[in-house]
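# Pasted the sequence and its predicted model underneath.
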Amino acid sequence: VRLVESGGALVEAGGSLRLSCAVSGLVFDKYAVGWFRQAPGKEREGVSCIASDGRTVYTDSAKGRFSISRDNAKNTVYLQMNSLKPEDTAVYYCAAQDGRATMNLDDYEFWGQGTQVTVSS
């Protein structure tokens, strides 16, 4: 199983980015996929997740600014991030689990290596 994140970059506050998570090695449309992030010196935290049936969950930090989607034909999950703030700066990880879409890190079995997002003020 392999998850590969891409799309991280340096962006100014107020800008937008779209992260991608390409998944291989599992039956993609049976899995929930989540996005998590970890800022320097902080614990990894949830951002958003999408169930196999397309239902979505957002944490308070993401509501109204971020949007998660999936393309089962491409085995890819996207995270559209708008109105970015300096506090969004972190390494963003995607993860997959054969279960419900939750924001509990321990529920996720497979993880990517992360992509860096830096938001300048």
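The structure has been received and is ready for your questions.
# tell me the SS of the residue nearest the centre of the chain?
Residue closest to the average C-alpha location in the chain (C-alpha atoms, centre = their mean): residue 35, at 2.3 Å. With DSSP: H, G, I helix; E, B strand; the rest coil as the basis, residue 35 sits in strand.
# give the contact list for residue 7.
Going by C-beta atoms under 8 Å, 6 or more residues apart in numbering, residue 7 touches 17-20, 115. (Each C-beta comes from the backbone N, C-alpha and C, glycine too.)
# Name the residues linked to the residue nearest to the centre of the chain by a beta bridge.
Counting by DSSP bridges, residue 35 is bridged to residue 48, residue 94.
# these two touch, right, it and residue 68?
Yes. In this structure, residue 35 is within contact of residue 68 by C-beta atoms under 8 Å, at 6.6 Å.
# Which neighbours do those two have in common?
By C-beta under 8 Å, 6+ apart, the residues touching both residue 35 and residue 68 are 48-49, 77, 79.
# What is the burial count for residue 15?
For residue 15, the count of nearby residues is 14 (other C-beta atoms under 10 Å).
# That one and residue 119, how far apart?
From residue 15 over to residue 119 the distance is 7 Å, taken as C-beta to C-beta, to the nearest Å.
# who touches both of those two?
Joint contacts of residue 15 and residue 119 (C-beta under 8 Å, 6+ apart) are residue 84.
# returning to what we had before: whichever of the contacts of residue 7 end up buried, select them in ChimeraX.
This is how ChimeraX selects the buried members of the contacts of residue 7, with burial counted by 16 or more other C-beta atoms under 10 Å:
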select :17,19,20,115
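# farthest-separated two in the contacts of residue 7?
18 and 115 (11.2 Å; C-beta to C-beta).
# in the protein, which spans are strands?
With DSSP state E as the criterion, the chain has strands at 2-6, 10-12, 17-24, 32-38, 45-50, 56-58, 66-71, 76-81, 90-97, 110-111, 115-120.
# Residue 103 is nearest to which of those?
strand 45-50 (3.3 Å).
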